[in-house]
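Chemist: I would like to see how this sequence folds:
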Amino acid sequence: MNGTEKLTKLRLVINENLRVQRGGADPVPYVDVGNVLNDIKARQNHVVFARRGCGKTLLLHYSSRQLDSSVKSVYLNCEDFKRHSFPNVLIEILDTLFHELEQHLSGWFGKKKRSRDLIAGIRRELGTLRTRADTQEQSIRESITSETGSSVGGEAATSRAPVSLRLGAGVTETRKAETERTYQILDDKIKELDTKLPRLKAQIREFFELSTTVKAVFLQIDDFYHLNRVDQPLVMDYIHRLCKDVPLYFKVATLKHATTLYADRQGQPIGAQERHDYQPIGIDFTFSEFRRTKEQNRRILHEFGSLAGMNAAEVDDLFKGEGFDRLVLAGGGVPRDCLSLFLEVLEAVQSAGGDGRIGKDDIRILRRADFERRIQELKQGSEGREQDTLIRGIYVLRKFCIDRKINVFMVSEQMIQQEDQIRSLIYRLLDYRIVHGAGSALTHKSQPGTYQAFAIDIGCYAHMRKLHGRFTELDIADATAKERMRSAPVLDATVFDEIWREAPVDAEKALREEDEEAG
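Modeler: I've put the predicted structure just below:
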């Protein structure tokens with residue numbers, strides 16, 4: 001193939017693999033820079049944490065093809081159940097598990113009548129339980145959501161109280177109340193599921209005893225964060241108990257800061273605890289270790305290049321100067337974002353003439369549109385009652401950085417520990433790749449204590465002509481970046497509260513108008 005044909009093939013391969021899904025093209029191999037593949041193949045419960053686009057789904061699919069012949073996997077995506085109420089969402093998960101086992105009965109367990117009868121009986125019982133009405137639960141949910149929405153909205157717009165009392169604090173308390181009331185309203189249905197659990201597990205044990213080849217099944221539960229936040233520990237609790245002491249192992253993939261796997265109900269634990277009930281696997285790559293993140297993304301792009309008939313040198317030659325560093329920065333280190341942005345920039349430079357190579361400035365011009373897409377993703381992915389809080393938080397953090405004329409800010413570890421709502425806001429914006437972790441356990445040159453460093457996304461400011469020559473863009477890729485961060489401005493609760501109070505009621509509209517004016 002000539003160069004043009006290779007680039008055409010490269011675009012095709014990347015487009016077909018930007019989102020890994022069942023029945024799609026054969027995905028590229030999972031690029032493992034640690035021991036992740038070996039860990040997730042172990043007969044152990046795991047939860048995989050990473051931002052969207054970091055390869056959680058690819059890891060699940062790729063690892064399932066590497067399993068020993070005595071271990072099988074069942075995959076399900078919680079996005080399919082995100083509008084279902086608890087415990088119906090749990091019933092759907094259980095039914096999906098046994099449906100998959102039923103579909104593979106001959107291949108995995110042999111043609112045994114007893115095996116077929118066991119699965120058929122389990123699915124009949126689940127079907128009967130599923131049909132019961134959830135009208136009471138839905139009514140109570142709608143009532144609580146309405147109360148919370150009006151409360152949080154009013155506080156966000158008008159409150160002059162300390163930030164810890166205003167920034168969505170009511171949401172946390174309401175979630176606790178909603179969890180408790182959900183249990184009370186659905187007590188009979190939950191009790192029935194609990195009553196069935198010992199017999200269900202006994203049937204599962206018998207099911208495996210009848211098999212001469214399959215010794216374990218991995219239950220892969222992808223995008224767990226799509227489930228209602230209040231329901232998550234309830235669903236996790238049942239899955240954990242289902243898998244305990246039987247050859248079932250859960251492999252959950254989710255966003256860390258959009259997930260609640262463990263809760264307390266009247267002094268009793270609900271869900272699964274990290275390190276005790278499951279082992280965490282982190283596959284996220286942040287700017288805190290930029291070189292590692294950059295090399296991870298480079299290796300992934302090389303894998304795509306290989307599928308297109310390009311060697312590593314040919315792929316690297318598509319960039320010039322600091323082009324690749326800027327691509328990784330603009331993509332927040334997230335492989336899917338970096339690849340998607342690469343396709344856009346490559347098309348732009350190829351059609352513009354010149355040498356057709358990607359440079360630093362070529363990437364800058366596309367950041368505003370990508371930032372707007374992330375805002376829309378935030379609105380679609382977050383619960384309605386927290387959207388205003390998150391968007392208002394974007395306004396506050398961007399204004400702080402623009403006022404201080406730098407893209408990096410510091411937050412003290414003490415404030416991270418003490419200000420739950422500010423911590424939650426920043427970490428949720430990390431999930432949506434609008435804020436990026438840039439360093440931890442850092443000291444500041446003029447203030448005591450230890451700090452975490454964060455960088456606002458390039459899309460927040462790169463398009464603003466008014467900032468040209470008057471804004472310091474600390475280059476996180478530079479070897480001296482960590483040292484320079486020690487002089488970055490510190491965002492404390494007082495300053496945050498002041499900007500929050502002065503922010504316009506419609507923060508999204510204000511962000512859009514500022515972009516249009518400054519662009």
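Chemist: how about the helices in the stretch 351-500 of the chain?
Modeler: Per DSSP state H, counting those that start in this stretch, the stretch 351-500 of the chain carries helices over the ranges 360-364, 367-381, 384-404, 413-418, 420-431, 481-485, 493-502.
Chemist: and the fourth one, what other elements does it pack with?
Modeler: Counting contacts by 3 or more Cβ pairs under 8 Å, 6 or more residues apart in numbering; DSSP states H and E, helix 413-418 is packed against helix 420-431, strand 450-456. Yep, even glycine has a C-beta here, placed from its N, CA and C like the rest.
Chemist: pLDDT score for Lys9?
Modeler: For Lys9, the pLDDT comes out at 94.
Chemist: was I right to think it contacts Gly309?
Modeler: Yes. Taking Cβ atoms under 8 Å as the definition, Lys9 is a contact partner of Gly309 at 6.4 Å.
Chemist: out of these two, which sits in the more crowded spot?
Modeler: Neighbours were counted for Lys9 and for Gly309 using other Cβ atoms under 10 Å; Lys9 has more, 17 against 13.
Chemist: any idea how far Ala258 is from Ser382?
Modeler: Distance, Ala258 to Ser382, using Cβ to Cβ, to the nearest Å: 8 Å.
Chemist: overlap in contacts of the two?
Modeler: Counting by Cβ atoms under 8 Å, 6 or more residues apart in numbering, the common neighbours of Ala258 and Ser382 are Arg428.
Chemist: rewinding a little: Throw the helices and strands packed on helix 413-418 into JSON lines and include mean neighbour count and mean pLDDT, thanks.
Modeler: Below are those laid out as JSON lines (neighbours: other Cβ atoms under 10 Å; pLDDT from 0 to 100):
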{"stretch": "helix 420-431", "mean neighbour count": "20", "mean pLDDT": "91"}
{"stretch": "strand 450-456", "mean neighbour count": "23", "mean pLDDT": "95"}
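Chemist: figure out which of those is closest to Gln350.
Modeler: Smallest distance to Gln350 across these (Cβ to Cβ): 29.6 Å, for strand 450-456.
Chemist: that closest one pairs with which strands, parallel or anti?
Modeler: The strands beside strand 450-456 in its sheet (DSSP bridges) come out as strand 408-412 (antiparallel), strand 435-443 (antiparallel).
Chemist: what sits up against that strand?
Modeler: For strand 450-456, the external contacting residues (Cβ under 8 Å, 6+ apart) are 287, 397-398, 401, 407-413, 416, 426, 430, 434-444, 474, 476, 485, 488, 490.
Chemist: please enumerate the helices of the stretch 51-200 of the chain.
Modeler: With DSSP H, counting those that start in this stretch, the ranges of helices along the stretch 51-200 of the chain come out as 56-64, 88-103, 105-109, 113-130, 135-158, 163-166, 169-185, 187-209.
Chemist: just want the most central residue of the chain.
Modeler: Centroid-nearest residue in the chain, with Cα atoms, centre = their mean: Leu255, separated by 3.1 Å.
Chemist: can you tell me how far that one sits from Cys54?
Modeler: Between Leu255 and Cys54 the distance is 10 Å, computed by Cβ to Cβ.
Chemist: ok, back up a step: check contacts around the closest residue to the residue nearest to the centre of the chain other than its chain neighbours.
Modeler: In space, and not counting its chain neighbours, Leu255 is closest to Tyr225: 4.4 Å by Cβ to Cβ, 6 or more residues apart in numbering. Tyr225 makes contacts with 78, 232, 254-255, 258-259, as judged by Cβ under 8 Å, 6+ apart.
Chemist: flag the shaky bits of the stretch 301-450 of the chain, pLDDT-wise.
Modeler: Judged by pLDDT under 70, the stretch 301-450 of the chain has its weakly predicted residues at 364-368, 383-385.
Chemist: one step back: now which of the contacts of strand 450-456 would you call buried?
Modeler: Listed as buried from these are 287, 397-398, 401, 407-412, 416, 426, 430, 434-439, 442, 444, 474, 476, 485, 488, 490; burial here means 16 or more other Cβ atoms under 10 Å.
Chemist: before we move on, back to that, of the contacts of Tyr225, closest to Ser63?
Modeler: Once Cβ to Cβ is applied, the member of these that ends up nearest Ser63 is Thr254, at 16.2 Å.
Chemist: burial count for the residue lying closest to that closest one once chain neighbours are set aside?
Modeler: Sequence neighbours aside, Phe224 is the residue nearest to Thr254 in space, at 3.9 Å (criterion: Cβ to Cβ, 6+ apart). Applying other Cβ under 10 Å, we find 24 residues neighbouring Phe224.
Chemist: who does the nearest residue to Ala488 once chain neighbours are set aside bridge with?
Modeler: Leaving aside its chain neighbours, Ala488 sits nearest to Val408 (4.6 Å; criterion: Cβ to Cβ, 6+ apart). Beta bridges link Val408 to Ala455, judged by DSSP bridges.
Chemist: so Val408 sits against Lys482, correct?
Modeler: No. Counting by Cβ under 8 Å, Val408 sits too far from Lys482 to count as a contact (10.6 Å).
Chemist: checking Arg299 next. Helix, strand or coil?
Modeler: Using DSSP: H, G, I helix; E, B strand; the rest coil, the structure places Arg299 in helix.
Chemist: for Val33, see how far away it is.
Modeler: Remark: distance between Arg299 and Val33 (Cβ to Cβ) = 8 Å.
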